[in-house]
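Undergrad: Pasting the sequence and the predicted coordinates here, then a few questions.
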Amino acid sequence: MRPIIGITTYVEQATWGVWQDLPTTLVPHDYTEAVTQAGGRPVLIPQHEDTDVLDVLDGLVLAGGPDVSPELYGAEPEPLTVPRPDRDRAEILLVRRALKSDIPVLGVCRGMQLLVVAAGGTLHQHLPDVLGHEKHRPAPGVYGEHDASFVPGSRIAGLMGDDLAIRCFHHQGVADAGSLTVTGRAEDGLAEAVEDPDHRFVLGVQWHPETIRDERLFGALVAAARRS
């Protein structure tokens, strides 16, 4: 049986067919396809503060999405921060239990930031104010494309090999990784990958590997989930 990989979801107003602006639980199809192509069985996790779903999962993908609530890391929201508190409350419980249970976790973009917050870290709430540019989110719906560098011997370095190109879309970023280890950085020094060597598989990436169905990263998650 394929390992069961849970994927966190969004609640958004959506329109399809004859239905207009309905609150809808969804996630970009790239996530489910990336998990499927890597050998896993994707299961979508609706927003809920009950974490018992982890009892039937072999692995977890923390999907991208809106800003993480600053209250989770003891900060006041800045003018351009737009969090979804209900999603944050549900997902931080899920993350903490997953880490406690040593369930393999892959965090993507917001998911990496959530891993950092769960590890006691903090975020920059608006990168242009810190870095002086908007290369990580150049325009609405447009991915930033640049190279990253990875720490030799790290998990992410082994997975990425000589391919350093990444595609990102975010205006927040890691200020302090907490107890996690930063193993990848952008050219401007921003953290692009974090890991927890004390767990079997905990990897966060600030970019969007699902958009290319990256079997290196999703395959590593599924392999770790299969071993569990």
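TA: Sure thing, it's come through. As the structure is a prediction and not an experimental result, all values here were calculated from the model. Numbers count the residues shown, from 1 in each chain.

Undergrad: Excluding sequence neighbours, find me the nearest residue to residue 36.
TA: residue 42 (6.0 Å; C-beta to C-beta, 6 or more residues apart in numbering). (Glycine included, C-beta is placed from N, CA and C.)

Undergrad: State the helix or strand in which the one you found lies.
TA: Using DSSP states H and E, residue 42 falls within strand 41-45.

Undergrad: after that strand comes which helix or strand?
TA: Downstream of strand 41-45, the first helix or strand assigned by DSSP H and E is strand 59-62.

Undergrad: for that following strand, packing partners?
TA: Secondary-structure packing of strand 59-62 (3 or more C-beta pairs under 8 Å, 6 or more residues apart in numbering; DSSP states H and E): strand 4-8, helix 85-101, strand 105-108, helix 110-118, helix 215-227.

Undergrad: can I get the CA coordinates of the least confident helix or strand in the chain by mean pLDDT in CSV?
TA: None of the helices or strands of the chain scores lower by mean pLDDT, DSSP states H and E than helix 127-131, at a mean of 90. Taking C-alpha atoms only, helix 127-131 is exported to CSV below (Å, rounded to 0.1, in the frame of the first residue of the first chain):
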residue,chain,number,x,y,z
LEU,A,127,10.9,41.2,3.1
PRO,A,128,11.2,44.3,0.9
ASP,A,129,11.5,46.3,4.2
VAL,A,130,14.4,44.1,5.2
LEU,A,131,16.1,43.2,1.9
